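Engineer: Got a predicted model here, sequence first, then my questions.
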Amino acid sequence: MSSTWIGIWPWFTLAGLGVFHGVNPAMGWLFAVALGLQRRSRTIVLASLLPIAVGHAAAVALALVAAFAAGLVLDGASLGKAAGAALIAWAAWHAWRGHRQRLRVGMQVGLAGLAMWSFLMATAHGAGLMLYPILLPICLSDAPALVQGGSVPNGIAALCVHSTAMLATIGLVSVVVYEWAGLAFLRSHWINLDLVWRAALGLSGAFLLLS
């Protein structure tokens with residue numbers, strides 16, 4: 001494998017995870033489409049996308065800050081093991097209790113409220129934690145995280161790549177569902193993304209523990 005590919009594959013993976021997060025209805029596009037259908041306005045659908053993306057990005061940023069803070073006292077290997085254990089525990093929690101802890105919000109929510117809802121939803125689902133296997137190699141090494149000159153810029157760049165991919169995905173899915181597919185197809189043409197999400201959390205944790 002060439003050194004160029006080794007250097008860029010984490011960024012493609014971050015974008016791919018952004019697509020995966022964007023496709024998941026729980027991350028916001030279902031809410032955007034429901035608002036648009038209720039108010040019969042494509043503008044509402046499009047206006048909902050930015051606060052949803054901002055809330056999601058804030059949740060990921062919080063997880064990234066937590067990794068930086070932990071990097072002050074842990075070396076890269078120990079931090080990876082701790083993050084792996086946290087991911088597996090989060091996946092187990094979702095399998096046991098996650099389906100009972102749905103965040104409920106009314107259809108009259110404003111843009112600020114929608115951003116807060118998105119933040120809480122992404123945090124509850126462990127969206128930021130899921131990125132740790134990619135973020136840690138990009139941002140951390142064996143030295144304390146905040147001592148490295150490139151850690152914070154790399155973290156910001158990673159957040160932008162992931163959030164841009166997610167915003168593009170939720171925008172595309174929202175418009176397609178609103179304009180053509182409708183919500184009825186979810187009953188017969190959709191997979192159990194909750195199960196896929198839990199599997200992704202668990203696999204990410206196992207990767208960190210075994211790497």
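Structural biologist: That came in fine, so what should we check first?
Engineer: any weak-confidence spans in the protein?
Structural biologist: Residue ranges of the chain with pLDDT under 70: 1-7, 97-109, 140-150, 181-191.
Engineer: And the helices in it?
Structural biologist: Along the chain, the stretches classed as helices by DSSP state H are 3-23, 29-39, 42-70, 76-96, 111-125, 127-130, 132-139, 151-176, 193-210.
Engineer: for those, which one ends up most surrounded?
Structural biologist: Mean neighbour count (mean count of other Cβ atoms under 10 Å) peaks for helix 127-130 among those, with a mean of 25. (C-beta placed from N, C-alpha, C; glycine too.)
Engineer: how far away is residue 14 from residue 68?
Structural biologist: According to Cβ to Cβ, to the nearest Å, residue 14 stands 17 Å off from residue 68.
Engineer: Same question for residue 208.
Structural biologist: For residue 208, the distance to residue 68 - Cβ to Cβ - is 17 Å.
Engineer: Check residue 210 too.
Structural biologist: 24 Å.
Engineer: List the contacts of the spatially most central residue of the chain.
Structural biologist: By Cα atoms, centre = their mean, the chain has its centre lying nearest to residue 127, at 3.6 Å. Applying Cβ atoms under 8 Å, 6 or more residues apart in numbering, we find residue 127 in contact with 21, 27, 56, 59, 60, 63.
Engineer: How about residue 206?
Structural biologist: Neighbouring residues of residue 206 by Cβ under 8 Å, 6+ apart: 84, 88.
Engineer: Recalculate using a threshold of 10 Å.
Structural biologist: For residue 206, the contacting residues are 84, 87, 88, 91, 133, by Cβ atoms under 10 Å, 6 or more residues apart in numbering.
Engineer: Would you check that the last one makes contact with residue 86?
Structural biologist: No - under the criterion of Cβ atoms under 10 Å, residue 133 makes no contact with residue 86, lying 11.9 Å away.
Engineer: returning to that earlier point: adding distance to residue 192, write the contacts of residue 206 out as a markdown table.
Structural biologist: Below are the contacts of residue 206 laid out as a markdown table (distance: Cβ to Cβ, whole Å):
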| residue | distance to residue 192 |
| --- | --- |
| 84 | 24 |
| 87 | 20 |
| 88 | 20 |
| 91 | 15 |
| 133 | 23 |
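Engineer: can you name the two of these that are farthest apart?
Structural biologist: In the contacts of residue 206, two members sit farther apart than any others by Cβ to Cβ. They are 91 and 133, at 13.4 Å.
Engineer: so what sits against both of these two?
Structural biologist: Any residue near both residue 91 and residue 133 by Cβ under 10 Å, 6+ apart counts here, and that gives 203, 204, 205, 206.
Engineer: so which of the residues you listed comes closest to residue 154?
Structural biologist: For the shared contacts of residue 91 and residue 133, the residue nearest residue 154 by Cβ to Cβ is residue 204; the value is 19.1 Å.
Engineer: Report the contact partners of the closest one.
Structural biologist: By Cβ under 10 Å, 6+ apart, the contact list for residue 204 reads 17, 83-84, 87-88, 90-91, 126, 129-134.
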